[in-house]
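**Student:** take a look and give me a structure for this.
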Amino acid sequence: MTIREASLDDVSALVGLGIQFYGREGCDEAFLSKFAIDHIIDDNKNCWVLLDKSDIVGVLCCGFERQAPSGNPVAYKSAWFVKQGKRWGAKGLLARFESWALDKGAKRLLVTAREPRTVTMLEKLGYSPTELVVEKFV
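**Tutor:** You can find the predicted model right below:
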């Protein structure tokens, strides 16, 4: 397993993974391409890729900001997915995010999760559910 920062050369592979994981939500290639580029070039965002040999099999994108209204420094996960059968790399991506967030000065880490196995893993790593997110498609 190798984890490295994503580069602009990775954008097409990241778009492919994004379509695979988020396509059912209506994402399109142009949006995902812009999303990946933004996370690669913005100093307050970052993106790491998980490699199996030379193939990108996972990604974690994140950002850092001062949260309104308190101004508290917060790092957040904006996308995180790993191909089935390669999920052993998820913890490594998360560790990279945590290290980056601490270097940025974050006092709070926000990670959303949909799958029960992800919630269980996060709880074992010291995360705790703090908010309920509800949504409405319109």
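
**Student:** contacts and neighbour counts: CA atoms only from here.
**Tutor:** Will do.

**Student:** which parts of the chain are strands?
**Tutor:** Taking DSSP state E as the test, the strands found in the chain are 2-5, 45-52, 55-67, 72-82, 108-110.

**Student:** could you dump the third one to CSV, C-alpha only?
**Tutor:** Put plainly, it is strand 55-67. Backbone C-alpha positions of strand 55-67 (Å, rounded to 0.1, in the frame of the first residue of the first chain) are rendered in CSV as follows:
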residue,chain,number,x,y,z
ASP,A,55,-3.5,1.7,-9.7
ILE,A,56,-5.5,4.3,-7.7
VAL,A,57,-7.9,2.3,-5.6
GLY,A,58,-8.9,4.9,-3.0
VAL,A,59,-9.0,8.6,-2.3
LEU,A,60,-9.6,11.0,0.6
CYS,A,61,-10.2,14.7,-0.1
CYS,A,62,-10.6,17.2,2.6
GLY,A,63,-10.5,20.9,3.6
PHE,A,64,-9.7,23.3,6.4
GLU,A,65,-11.6,26.4,7.4
ARG,A,66,-12.6,28.5,10.4
GLN,A,67,-16.1,27.5,11.3
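
**Student:** can you pull the buried residues of the helix of greatest length in the chain?
**Tutor:** If each helix of the chain is counted by residues according to DSSP state H, the longest one is helix 90-104. For helix 90-104, the neighbour count (16 or more other C-alpha atoms under 10 Å) marks 90, 92, 93, 94, 96, 97, 98, 100, 101, 104 as buried.
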